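Trainee: Just to be clear, the model below is a prediction. Sequence and coordinates:
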Amino acid sequence: MKNKRREFLTNVCPTVALAFVGVTMLEACSSGGEDTIDPGNGGGNNNTNGYTVSGNTVVIDLNHSAFSTLNSNGWMNFTAQKMLLLKIDSSTYRAFTNSCPHQGVRTKWTYNSSQDKFKCGEHNNSYPTDCTTSGTAGGALKCFTTSYSGGKLTVTAS
């Protein structure tokens, strides 16, 4: 009887423990509801992902489907190039690093249009989009130079 009980516990307990812990681990690793877009690497002159990269300059085709979130929501987290993009009006855009000034988190951003602030969901710190005003922790979001012409947004990281 002792051996059967031991065999049962040896075989069943790890499975039961994994079932409880595994679900928790999967939920902890879920991406949540952030508008995180990674349209691919877009490197070189290949424009199949909607953008090209040359040095520290990224040229984005705003008519490409990968950037429809920017047009519909007015902002997006462009994770492939580690930047937040914000549509100010039909021809004005801003770009920021998507690294939170507080602790460097890149994937937990939301945007509050009524306050004109990005919010990092890691510790709920908010950051104005004026490129100069510090947020609630860690300073201001680093801004990149942008220009818009003919449906293309050019972002130059400095």
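Mentor: Sure thing, it's come through.
Trainee: Which parts of the protein are strands?
Mentor: All strands of the chain, identified by DSSP state E, fall at 36-37, 51-54, 57-61, 75-78, 83-89, 92-97, 109-112, 117-120, 125-128, 143-149, 152-156.
Trainee: check contacts around Thr92.
Mentor: By C-beta atoms under 8 Å, 6 or more residues apart in numbering, the contact set of Thr92 is Tyr148. C-beta coordinates here come from the backbone N, C-alpha and C atoms, glycine included.
Trainee: OK, contacts around the nearest residue to Val58 once chain neighbours are set aside?
Mentor: Closest residue to Val58 apart from its sequence neighbours, by C-beta to C-beta, 6 or more residues apart in numbering: Val155 at 4.7 Å. With contacts defined as C-beta under 8 Å, 6+ apart, Val155 is in contact with 57-60, 81, 83, 85, 95, 144-146.
Trainee: cool, Tyr93 as well?
Mentor: When contacts are counted by C-beta under 8 Å, 6+ apart, Tyr93 touches 85-87, 146, 148, 153.
Trainee: ok, back up a step: what's the most buried one of the strands of the chain?
Mentor: Among the strands of the chain, strand 75-78 has the highest mean neighbour count (mean count of other C-beta atoms under 10 Å), at a mean of 24.
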